[in-house]
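>>> I would like to see how this sequence folds:
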Amino acid sequence: MSNIEADPAELACGDRPEAADPLRPAVEVLTPREVPLGGPRAMRVRRTLPQRSRSLIGAWCFADHYGPEDVAMDVAPHPHTGLQTVSWLFAGEVEHRDSMGTHAMVRPGELNLMTGGHGICHSEVSTPATKTLHGVQLWVALPERHRHTARGFHHYVPSVNRIEGAEIRVFLGSLAGRTSPIPTFTPLLGAELVLHPDAHMSLGVDPDFEHGVLVDTGAVTVAGTAVRAAELGYVGTGLRRLTLSNNGSTPARFLVLGGTPFDEEILMWWNFVGRTHEEIADFREAWQAESDQFGSVTGYTGTPQRLPAPELPAVRIKPRHNPAR
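Residues are numbered from 1 along each chain as shown. Predicted structure coming up:
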């Protein structure tokens, strides 16, 4: 999915190696902001990453939560660099085409991971049978040593791990005895959990990871703190067990995202992740010039045939840091 805001914010993200604040609460609750994407989709999304109080969780640098909504998706070919896109649906079906020649379907409970690397472009169109779209779009920042890697695409259907009071699908990394076979460029965790009413669980997690719990439906208590639907609960490093409770009368569905802190500074603008303002400007110019850097998508029949890039901001894109860990 493209970030097709009419006026995308300029963002620079990263961590400073500062001492952690001992007074910081164990769980930081991030409230989403509604973003009107405009364009042919006319969709509004709830964005929890990035924001002023938190830019990344591990290498996870972007999180849009949308639906359930009765709206068609038709996103023309658009570019990505320096990142991976993770598409995860709860309802609906989306047709994916990219400049590698991939033609794949995005379906509920199935991972589609696309590596932009040096440059890729893709289109996304909901199928005619889809009446409701509901899911998340996530981005993963690529580290410096891998950010110019070749384009790539992985599709994976994780099995359901049913344990007392919960179902778990691990699509990246390892959790609750299950491991995804999909390779990552930094240590990551991505999983969907459904927690039954009045269920409580304690999951062993990597203490070197920071974690985020993005709630889709219901409400979840994360390490003693309530996190409501569409909110994201952040927990820093050092945690060995993640306690989760559903005190409601209906199932709660949420994603657990995690990873080792990403200590590189990154700049995000539109669909690009770079390191400097000049680099972002070069990416934009290459896309506008229809450079081979991004390739082309075949089989897309909508209009326009490619999304034009917005104008760059009038000021330089400046760094913005995560708070201390």
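
>>> look up phi and psi at Ala230.
phi 80, psi -10 (degrees, to the nearest 10).

>>> wait, doesn't it sit right on Val215?
Yes: the pair Ala230 and Val215 qualifies as a contact (C-beta atoms under 8 Å) at a distance of 6.6 Å. All C-beta spots, glycine's among them, are computed from the backbone N, C-alpha and C.

>>> shaky segments in the stretch 201-325 of the chain?
319-325 (pLDDT under 70).

>>> all strands in it, in order from the N-terminus.
Assigned by DSSP state E, counting those that start in this stretch, the stretch 201-325 of the chain shows strands spanning 210-217, 220-222, 225-227, 232-235, 241-246, 252-259, 266-269, 272-274.

>>> before we move on, back to that, so Ala230 and Val215 - more neighbours on which side?
Val215 (22 against 18; other C-beta atoms under 10 Å).

>>> leaving out sequence neighbours, find the closest residue to that one.
Leaving aside its chain neighbours, Val215 sits nearest to Phe254 (4.5 Å; criterion: C-beta to C-beta, 6 or more residues apart in numbering).

>>> swap in Val94?
Per C-beta to C-beta, 6+ apart, closest to Val94 is Val106, 4.1 Å.

>>> over to Gly135?
Per C-beta to C-beta, 6+ apart, closest to Gly135 is Leu89, 3.8 Å.

>>> again with Thr85
The nearest residue in space to Thr85 (C-beta to C-beta, 6+ apart) is Met114, at 4.8 Å.

>>> burial check on the one you found, number of neighbours?
Neighbours around Met114, by other C-beta under 10 Å: 23.

>>> what's the end-to-end length of stretch 220-231?
10 Å (C-alpha to C-alpha, to the nearest Å).

>>> can you check stretch 306-315 too?
Counting by C-alpha to C-alpha, you get 26 Å between the two ends of stretch 306-315.

>>> go on, stretch 226-235?
13 Å.

>>> what of stretch 50-65?
From its first residue to its last, stretch 50-65 covers 13 Å (C-alpha to C-alpha).

>>> may I see the buried residues of stretch 151-171?
Within stretch 151-171, the residues scored as buried using 16 or more other C-beta atoms under 10 Å are 151-155, 158, 161, 165-166, 168-171.

>>> so which of these are in strands?
Using DSSP state E, the members of these that fall in strands are 152-155, 161, 166, 168-171.

>>> tell me which of the residues you listed is nearest to Phe185?
Gly152 (10.2 Å; C-beta to C-beta).

>>> mind listing what that closest one touches?
Contacts for Gly152 were tallied using C-beta atoms under 8 Å, 6 or more residues apart in numbering; they are 100, 114-115, 117.

>>> and the residues you listed as JSON lines, adding pLDDT and distance to Val125?
As requested, those are exported to JSON lines (pLDDT from 0 to 100; distance: C-beta to C-beta, whole Å):
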{"residue": "Met100", "pLDDT": "98", "distance to Val125": "17"}
{"residue": "Met114", "pLDDT": "99", "distance to Val125": "15"}
{"residue": "Thr115", "pLDDT": "99", "distance to Val125": "21"}
{"residue": "Gly117", "pLDDT": "97", "distance to Val125": "23"}
